[in-house]
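# dropping a prediction and its sequence here:
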Amino acid sequence: MLNCSWASALTRFDCQTIRALDGSPCLEIGTPFSLPDGSAINLYIHQVGQEMLKISDNADTLFQLGGMGLDVWQAARLNAVRDLMKRHKMAVGERGEVFLLAKHSHAASGFALAITGLLALSGWAANHMEIDAPEIDIVAQMEPYIIARDPNAVLKRRPHARGASSTDYTFDLQHGRDLIDVIPADPRSTGAAMRKAGDIQNGPFAEHLSPLIIVYDLVNSEKATNEISILGSMTRAMPASHLMATFH
C-alpha cells in the first residue's frame, strides 16, 4: 500500500499523503535540497499499474526555473535537459514533468536516482544562469543510496558509539551493522574519521557494529582516492561514486 509508512523503507525525509489530479493517492516527499533560487525540491510517488511506480517532480522544477528567467523550452536547451536527465535514467514529459519509472522492488534505488537527477538539473541551471548552486548536504544526498543497499535494514540518524578510550562518538548514520560517516575529501576530515574508527574498533563497546567511511568524491575524485587510501589502512572506506554506481 502506498503510504508514508511504506515510504520509510525508501527515505526518512518528510512525507505526506496527498491526492493526485486523478484522485488517486500520491506521496509527497519533502527533501532538504533546493533549486538555485532556494525553492524546495520535492518528489512525488504515484502508483502506475500493478507493479510500477512513477517518481516525479510534478513538473515543479522546469516551471520554477522558467520563473527564474531560464527559458527551458527553447529547443536546444530542452534537448540538453532531456539528455542530462537521460544520463540519470530519468525522462522529461510533454508538460515538463521530470520522472522515472521503477518497479516496487526497486523503489529505494529509484528514489535515490531521482534525487541525484534533480540535483544534477539544479546544478545545470545554476551554471547556465551563472549563479552559485546551493550547497548540497552530502550526508542527505548519500542517505537514499545507503538505504537502497538494504531497505529492510534498521536506519538510525546520529547514532552514538563508545570507543576504547570511553569517548562517546556520534556518526552520521547507522544502517544495519554499519556506523557510517560521509566526509569531504580533505585531510582534516580523514584524520578525524581515522581516530574515531580506530577507537571504536579497538574497544569492546560496539562489537556488533563496524565503522564505514564514505568519502564524497563527486567534486575531486583524485583527492578522494588519496584520502581513501589513507583511511583504508585503518578502517573500511569507499568513494561515494562507487555506492551510487551500484544503482546507476
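Structure received.
# when you work out contacts or count neighbours from here on, use the C-alpha atoms and nothing else.
Fine.
# any weak-confidence spans in the protein?
Counting by pLDDT under 70, the chain shows low-confidence ranges at 21-22, 248.
# export the biggest helix by length in the chain as PDB, just CAs?
If you go by DSSP state H, the chain has its longest helix at helix 107-128. What follows is helix 107-128, C-alpha atoms only, in PDB (Å, rounded to 0.1, in the frame of the first residue of the first chain):
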ATOM      1  CA  ALA A 107      11.600   1.700  -5.300                       C
ATOM      2  CA  ALA A 108      14.500   2.600  -3.000                       C
ATOM      3  CA  SER A 109      17.100   2.800  -5.700                       C
ATOM      4  CA  GLY A 110      14.700   4.600  -8.000                       C
ATOM      5  CA  PHE A 111      14.100   7.300  -5.300                       C
ATOM      6  CA  ALA A 112      17.900   7.700  -4.900                       C
ATOM      7  CA  LEU A 113      18.400   8.100  -8.600                       C
ATOM      8  CA  ALA A 114      15.600  10.700  -8.800                       C
ATOM      9  CA  ILE A 115      17.300  12.800  -6.100                       C
ATOM     10  CA  THR A 116      20.600  12.700  -7.900                       C
ATOM     11  CA  GLY A 117      18.900  13.600 -11.200                       C
ATOM     12  CA  LEU A 118      17.100  16.600  -9.900                       C
ATOM     13  CA  LEU A 119      20.300  17.800  -8.100                       C
ATOM     14  CA  ALA A 120      22.100  17.500 -11.500                       C
ATOM     15  CA  LEU A 121      19.400  19.600 -13.100                       C
ATOM     16  CA  SER A 122      19.600  22.200 -10.400                       C
ATOM     17  CA  GLY A 123      23.400  22.400 -10.900                       C
ATOM     18  CA  TRP A 124      22.900  22.600 -14.700                       C
ATOM     19  CA  ALA A 125      20.500  25.500 -14.200                       C
ATOM     20  CA  ALA A 126      22.800  27.400 -11.900                       C
ATOM     21  CA  ASN A 127      25.600  27.000 -14.400                       C
ATOM     22  CA  HIS A 128      23.500  28.400 -17.200                       C
END
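# residues in contact with it?
When contacts are defined by Cα atoms under 8 Å, 6 or more residues apart in numbering, helix 107-128 is touched by residues 9-11, 33-36, 41, 53, 55-56, 65, 70, 81, 84-85, 88-90, 99-102, 132-133, 141, 144-145, 147-148, 151, 247-248.
# with adjacent residues omitted, what lies nearest to the residue of the chain most remote from its centre?
Most distant from the centre of the chain: residue 165, at 33.4 Å, with distances by Cα atoms, centre = their mean. Nearest residue to residue 165, sequence neighbours excluded (Cα to Cα, 6 or more residues apart in numbering): residue 199, at 6.7 Å.
# ok, residue 45 next?
Leaving aside its sequence neighbours, residue 45 sits nearest to residue 55 (Cα to Cα, 6+ apart; 4.6 Å).
# in the helix or strand just after the longest helix of the chain, what counts as buried?
Moving toward the C-terminus from helix 107-128, the next helix or strand (DSSP states H and E) is helix 138-149. Residues of helix 138-149 classed as buried: 139, 140, 141, 142, 143, 144, 145, 146, 147, 148 (neighbour count, 16 or more other Cα atoms under 10 Å).
# quick check: the gap between the fourth one and residue 179.
As judged by Cα to Cα, to the nearest Å, residue 142 and residue 179 stand 14 Å apart.
# residue boundaries of the strands in this protein?
For the chain, applying DSSP state E gives strands covering 14-19, 25-34, 40-48, 52-56, 91-92, 98-103, 155-157, 160-162, 168-170, 173-175, 178-184, 210-216, 236-239.
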